[in-house]
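Novice: attaching a predicted model along with its sequence, questions to come.
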Amino acid sequence: IGILNLQLMDAFAERAAHADLQCHLNSQGIANIAWAFAKLTVTDQQLMDVLAERVLDRDVLGSFSPQEIGNTLWAYAKLGILNVKFMDALADRAMQDSVIV
């Protein structure tokens, strides 16, 4: 819809970055959250740092599909967030034989 409600986005970011929820974030959730914030051009550095850290978990990284990789990298690029370790990890995942079909 493209309607921006900063109070809602702030509340969502706070909740999504909460330690109790982080262990439940999977690749699809990470990609969807990053995409939503980028689509509305809302930069929440703390949330994006939490998502990037979660991506670096081996089990989470290994579950990223090509679509999730593309959406997540697009979101960080759109928001102008540079996290080399995170981007290198997703690039390495994208190059794995199991991802390239």
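Specialist: In hand now; what should we look at? Residues are numbered from 1 along each chain as shown.

Novice: list of residues touching the helix or strand of the chain at the bottom of the mean pLDDT ranking?
Specialist: Sorting the helices and strands of the chain by mean pLDDT, DSSP states H and E puts helix 19-22 at the bottom, at a mean of 80. Applying CB atoms under 8 Å, 6 or more residues apart in numbering, the external contacts of helix 19-22 come out as 15, 50, 54. Every C-beta, even on glycine, is put in place using the N, C-alpha and C of the backbone.

Novice: which of those tops the neighbour count?
Specialist: For the contacts of helix 19-22, neighbours were counted using other CB atoms under 10 Å, and residue 50 has the most, 21 neighbours in all.

Novice: neighbours of the closest residue to that one other than its chain neighbours, how many?
Specialist: Closest residue to residue 50 apart from its sequence neighbours, by CB to CB, 6 or more residues apart in numbering: residue 17 at 4.5 Å. Other residues lying near residue 17 total 18 when counted by other CB under 10 Å.

Novice: residue 72 now?
Specialist: There are 25 residues near residue 72, going by other CB under 10 Å.

Novice: if I look at it, how far off is residue 40?
Specialist: 16 Å (CB to CB, to the nearest Å).

Novice: and if you look at residue 74?
Specialist: From residue 74 to residue 40 the distance is 14 Å (CB to CB).

Novice: same check on residue 58?
Specialist: With distances taken as CB to CB, residue 58 is found 31 Å from residue 40.

Novice: how many residues are close by residue 14?
Specialist: Counted with other CB under 10 Å, residues neighbouring residue 14 total 12.

Novice: tell me which helix or strand it sits in.
Specialist: Secondary-structure element containing residue 14, defined by DSSP states H and E: helix 6-17.

Novice: and what of residue 82?
Specialist: Using DSSP H and E, no helix or strand contains residue 82.

Novice: not counting its neighbours along the chain, what's nearest it?
Specialist: residue 76 (7.7 Å).

Novice: before we move on, back to that, next one, pLDDT for the residue nearest to residue 50 please.
Specialist: On pLDDT, residue 17 comes in at 85.

Novice: separation between the nearest residue to residue 52 once chain neighbours are set aside and residue 18?
Specialist: With sequence-adjacent residues excluded and distances taken as CB to CB, 6+ apart, residue 52 is closest to residue 86, at 3.9 Å. Using CB to CB, residue 86 is found at 20 Å from residue 18.
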